[in-house]
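K.L.:
this one's sequence-less:
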Ligand SMILES: NC(=O)c1ccc[n+]([C@@H]2O[C@H](COP(=O)([O-])OP(=O)(O)OC[C@H]3O[C@@H](n4cnc5c(N)ncnc54)[C@H](O)[C@@H]3O)[C@@H](O)[C@H]2O)c1
Ligand SMILES: O=C(O)[C@H](O)[C@@H](O)[C@H](O)[C@H](O)CO
């Protein structure tokens, strides 16, 4: 699991740990990683902490080898680690675009390559890409991030076709997330005047984590969408993208900021971690607990859609039968 020291990665590591087995925790911040390891242990798993910057392909490959040497064959690889800059494109420098892309896009590529190198010869294994509604829909103030998320989506489709072509038993799937209450809004480099926030509705990281674990177990589906807002955004964007352009131009600046000013001492994790030796543990949750939903009816329904369809069919048949017997 990359990006396991905070947010969705941290919550997912804990969710997976509850099944036992080794969970390798890959991220940069030592303090956050050690706290994540304690969480994994408490949940019943065996943590393996590996400090790695995912933008370094050799380091990611070495991390994968270390996992196999110390814990055995990697069954599942989950890419989560990312960074961003909250600012209009004209306020983001070229080297910042490069850095976001190297971490948030190429980090996923390097993780996927390290996993495929080991899984393809064994003809088994699962790669899960943690994505976003923003893999399909760009929003203002997040150009570097949205570019990376779109790129992951394209890369993943290509790899999926290649695996299908060679009739591989290895599976790759992507989980598109809604807005989630994670530390990102307190440690991503922000040039916004006000405190950054996820665009409501906001879900707790455990909702996202349950979605990832479901995808680990059901990787035959090409994508899983979490949250009605995700399904709505991707669906609407496919039909009326121009309407969304104008809607987001009008609402997207305010919906991504609270009324409070940006804290002057806010850290920035673009170049170095905020949860490293000089930092603190940020945990899985961000600062929006009071506004975040602990469940998503849509996510539940998509997981149980077969049972729901069968149930709806049965109800439909019963109603039709009742109607027919009433007419007799
Ligand atoms: N929070 C949301 O609203 C939201 C919404 C949709 C999708 N997502 C996706 O979920 C994933 C996690 O998001 P989050 O909000 O939990 O993020 P987060 O900022 O809370 O955590 C990111 C994790 O990545 C790690 N990381 C950052 N830079 C790294 C680097 N160079 N090398 C290694 N590790 C690094 C951090 O240490 C941390 O463990 C991302 O891929 C993001 O695109 C999040
Ligand atoms: O959704 C995402 O992919 C991002 O990680 C968030 O940073 C956004 O700011 C917000 O949640 C928009 O919905």
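P.N.:
Good, I have the coordinates. Predicted model only: the values in this text are computed from it and were never measured. Ligands and ions are numbered 1, 2, ... in the order given.

K.L.:
what's the distance between residue 284 and residue 200?
P.N.:
Remark: distance between residue 284 and residue 200 (Cβ to Cβ, to the nearest Å) = 19 Å. C-beta here means a position set from N, CA and C on the backbone, and glycine is covered the same way.

K.L.:
And those two? Which one has more around it.
P.N.:
Ranked by neighbour count (other Cβ atoms under 10 Å), residue 284 and residue 200 place residue 284 first, with 26 against 14.

K.L.:
Contact partners for the more buried one?
P.N.:
Contact partners of residue 284, counting by Cβ atoms under 8 Å, 6 or more residues apart in numbering, are 6-8, 10-11, 14, 182, 205-206.

K.L.:
can you tell me which of those are in helices?
P.N.:
Counting by DSSP state H, the contacts of residue 284 place 7-8, 10-11, 14, 205-206 in helices.

K.L.:
For the residues you listed, please prepare JSON lines with the additional fields pLDDT.
P.N.:
What follows is those, written out as JSON lines (pLDDT from 0 to 100):
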{"residue": "7", "pLDDT": "98"}
{"residue": "8", "pLDDT": "98"}
{"residue": "10", "pLDDT": "98"}
{"residue": "11", "pLDDT": "98"}
{"residue": "14", "pLDDT": "98"}
{"residue": "205", "pLDDT": "98"}
{"residue": "206", "pLDDT": "98"}
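
K.L.:
Within reach of ligand 1, which of these are there?
P.N.:
The subset of the ones in helices among the contacts of residue 284 within reach of ligand 1, by Cβ under 6 Å from any ligand atom, is 7-8.

K.L.:
List just the nearest of the ones in helices among the contacts of residue 284 to ligand 1.
P.N.:
residue 7 (2.2 Å; Cβ to the nearest ligand atom).

K.L.:
What distance do you get for the closest one to residue 285?
P.N.:
Distance of residue 7 to residue 285, computed by Cβ to Cβ: 8 Å.

K.L.:
Could you do residue 217 as well?
P.N.:
24 Å.

K.L.:
More neighbours: which of the two?
P.N.:
Of the pair residue 217 and residue 285, residue 285 is the one with more neighbours under other Cβ under 10 Å, namely 19 against 10.

K.L.:
That one contacts residue 202, correct?
P.N.:
No: the pair residue 285 and residue 202 fails to qualify as a contact (Cβ atoms under 8 Å) at a distance of 10.9 Å.

K.L.:
which residues do the two both contact?
P.N.:
With Cβ under 8 Å, 6+ apart as the test, residue 285 and residue 202 both reach 181, 292.

K.L.:
just to revisit the earlier point, mutual contacts of residue 7 and residue 285, please.
P.N.:
With contacts defined as Cβ under 8 Å, 6+ apart, the residues shared by residue 7 and residue 285 are 182-183, 205.
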